[in-house]
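Novice: any chance you could fold what I've pasted below:
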Amino acid sequence: MRELLLRQKQILFFIIAGGLSAIVEIGSFKVFSTQLPSMFPGETNFHGIHYPLSNILSTSCGIITNYFLSIWFVFERGKHSKKKEFAYFMLVSFISTLLSLSFFQFFYSFIFKDNINLILYTLSPEMISKIAAILLVSVLNYSIKKKVIFNG
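Specialist: Residues are numbered from 1 along each chain as shown. Modelled structure (predicted):
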C-alpha cells in the first residue's frame, strides 16, 4: 500500500513539475515566436519548418526547468553519478525534443488551422500545436526517465 501511495505521489509531482516546465516552455515559445520573426524573417517558415528557433529555444528552457524540478521534487537519485544522470537526461530530452518538434510541425501544418477562443484568451494554431506536442511527449518522458535515468 505504501508503495502505491509513493508511486501516486511521484506521478502527481511529475505532473506538477511537467506542468510548470510546460508553462515555462509555452511562455518562452510565445515570447520567442513573437520577437524572433522581426530579427530573423525566415523564422515563421524556414524551408517548410515553422518557428524552428522559437521551438528549439523554448524547448531548451522547458528541459532545463524540468531537469531541476525532477531532481528536486519528483525522482530520487538513481545508481548513476550526477554527470551520467545529467547526460542521460539530456539525451532523452534531445530525442524528446526531436519528437516534439516533429509533432509540432505535423499539427501546425495539417491539424490546427484556426484559433481557439477561450473567452479570456485566444489560442493561435502555433500555441495549440505546441501544447499538443508537449502533451504527447510527456508520457514517453515519464516512463523513460523513471525506468532508465532515475531507476525508480
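
Novice: now do the contacts for residue 107.
Specialist: Residues in contact with residue 107 (CB atoms under 8 Å, 6 or more residues apart in numbering) are 128, 129, 132, 133. In short, each C-beta sits where N, CA and C put it, glycine included.

Novice: now, those that are in helices?
Specialist: Among the contacts of residue 107, DSSP state H puts 128, 129, 132, 133 in helices.

Novice: just the buried ones from those residues, in PyMOL syntax?
Specialist: In PyMOL syntax, the buried subset of the ones in helices among the contacts of residue 107 is picked out as below (16 or more other CB atoms under 10 Å):
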select buried, resi 128+129+132+133
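
Novice: dump the ones in helices among the contacts of residue 107 to JSON lines, plus distance to residue 16 and pLDDT.
Specialist: Converted to JSON lines, those look like this (distance: CB to CB, whole Å; pLDDT from 0 to 100):
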{"residue": "128", "distance to residue 16": "23", "pLDDT": "91"}
{"residue": "129", "distance to residue 16": "24", "pLDDT": "92"}
{"residue": "132", "distance to residue 16": "20", "pLDDT": "91"}
{"residue": "133", "distance to residue 16": "20", "pLDDT": "90"}
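
Novice: any idea which of the ones in helices among the contacts of residue 107 is closest to residue 43?
Specialist: The nearest member of these to residue 43, counting by CB to CB, is residue 129 at 15.1 Å.

Novice: now the residue most central in space within the chain. Nearest residue, chain neighbours left out?
Specialist: In the chain, the C-alpha nearest the mean C-alpha coordinate belongs to residue 134, at 4.8 Å (CA atoms, centre = their mean). With sequence-adjacent residues excluded and distances taken as CB to CB, 6 or more residues apart in numbering, residue 134 is closest to residue 22, at 5.1 Å.

Novice: how many residues are close by the one you found?
Specialist: Neighbour count of residue 22, defined by other CB atoms under 10 Å: 18.

Novice: now do it against residue 48, distance only.
Specialist: Remark: distance between residue 22 and residue 48 (CB to CB, to the nearest Å) = 26 Å.

Novice: average pLDDT for stretch 71-86?
Specialist: Throughout stretch 71-86, pLDDT has a mean value of 76.

Novice: list the contacts of the residue nearest to the centre of the chain.
Specialist: Neighbours of residue 134 in contact, by CB under 8 Å, 6+ apart: 22, 25, 26, 62, 100.

Novice: now render the residues you listed as TSV, adding pLDDT and secondary structure.
Specialist: Converted to TSV, the contacts of residue 134 look like this (pLDDT from 0 to 100; DSSP: H, G, I helix; E, B strand; the rest coil):
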residue	pLDDT	secondary structure
22	87	helix
25	89	helix
26	89	helix
62	90	helix
100	85	helix
